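> quick check, what structure comes out for this input:
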Amino acid sequence: MSPIDLRRIRDEKMNQLRKGQNAYAESEELVRLMKRAIEKEKLPVQCDATSSGYWFIPLSSSKTS
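The predicted model follows:
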């Protein structure tokens, strides 16, 4: 997969996170790009590693009881 394709996929997954939706990535390069973008935007996201890939789960800024 070319770097341009990975950046396009990263952008789509980042849009999912901004909307409060979970995002999944299995390629190490895509995970690296995602982590870098999340850190740059300071998005509150939990990253869960599984044996098959990574789940990026947005954290709500305010939790309701």
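> please enumerate the helices of this protein.
3-18, 28-41 (DSSP state H).
> TSV please, covering those helices and showing distance to Leu59.
Every C-beta, even on glycine, is put in place using the N, C-alpha and C of the backbone. Shown next, in TSV, are the helices of the chain (distance: least, C-beta to C-beta, whole Å):
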stretch	distance to Leu59
helix 3-18	10
helix 28-41	11
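> now do the contacts for the nearest residue to Arg10 once chain neighbours are set aside.
Once flanking residues are discounted, Arg10 sits nearest to Leu33: 4.5 Å by C-beta to C-beta, 6 or more residues apart in numbering. With contacts defined as C-beta atoms under 8 Å, 6 or more residues apart in numbering, the neighbours of Leu33 are 6-7, 10.
> of those residues, which is the most crowded?
The most neighbours of any of the contacts of Leu33, using other C-beta atoms under 10 Å, belong to Arg10, which has 20 neighbours.
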